[in-house]
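S.K.: Need coordinates for the following:
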Amino acid sequence: MFIQKSIAQDTIASVEKSNFGIQTGLIGLWGHNEYKLSNPISLRSEIGIQLGFSTGYDKTYTTIFPSLSIEPRWYYNLNKRLRKGKNIKKNSGNYFSIYSIYNSNQTLYSSNENIDYVSTFAILPKWGIKRTYNNHLTFETSFGLGPNFYPKDFNGKRQDIYVDLSLRIGYTF
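M.R.: Below is the predicted model:
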């Protein structure tokens, strides 16, 4: 008689150690890196070129400017996706994050050269979904809302609301 003993081991889902990619959306182009901090948490850093709009004198003006962001992400459903046999490659999953973005006043293009732009800094909680297909093609959507800060020397302590509604497609290496 031959007896075989097998031990089932639960696989723990985890974000990838590090991945790089590029993304585009309705208002820009970004390069990013996601670095693993723990099994469900990554730190995403990003540099981009964004399109902005401003209004004045019954006209709408467009601007292209650089931005930098950093975002710790908690992928909260990786284990559930893995149990269901769904893809978690390149950090495919749903996430919550704290998104911090700096928008520079150094414009690359402006439809009105008479406007002086100011830098802004925003911090906002975000919820998002990221999916990877064929190991490289990524789709991502997210939503966040939070305070947008201006430099103290501009109009006192001015602050308004920063709304982030993203829909992006990209390539992860």
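S.K.: remind me which residues of this structure are low pLDDT?
M.R.: Scanning the chain with the threshold set as pLDDT under 70 gives 1-10, 56, 152-157.
S.K.: Which residue ranges of it form strands?
M.R.: With strands called from DSSP state E, the chain shows them at 18-25, 28-36, 41-56, 59-75, 93-103, 109-110, 120-133, 137-149, 159-172.
S.K.: Now tabulate those in TSV and tack on mean neighbour count and distance to residue 83.
M.R.: All C-beta spots, glycine's among them, are computed from the backbone N, C-alpha and C. As requested, these are exported to TSV (neighbours: other Cβ atoms under 10 Å; distance: least, Cβ to Cβ, whole Å):
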stretch	mean neighbour count	distance to residue 83
strand 18-25	17	23
strand 28-36	17	21
strand 41-56	16	20
strand 59-75	17	14
strand 93-103	19	13
strand 109-110	14	48
strand 120-133	17	17
strand 137-149	17	22
strand 159-172	15	23
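S.K.: Quick one: closest of those strands to residue 82.
M.R.: Closest of those to residue 82 is strand 93-103, at 9.5 Å (criterion: Cβ to Cβ).
S.K.: any chance of the strands of the chain in a markdown table, with distance to residue 12 too?
M.R.: A markdown table is the format used below for the strands of the chain (distance: least, Cβ to Cβ, whole Å):
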| stretch | distance to residue 12 |
| --- | --- |
| strand 18-25 | 18 |
| strand 28-36 | 13 |
| strand 41-56 | 13 |
| strand 59-75 | 13 |
| strand 93-103 | 14 |
| strand 109-110 | 47 |
| strand 120-133 | 19 |
| strand 137-149 | 23 |
| strand 159-172 | 22 |
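S.K.: For residue 84, find the nearest of the ones you listed.
M.R.: Nearest to residue 84 among those is strand 93-103 (11.7 Å), distances taken as Cβ to Cβ.
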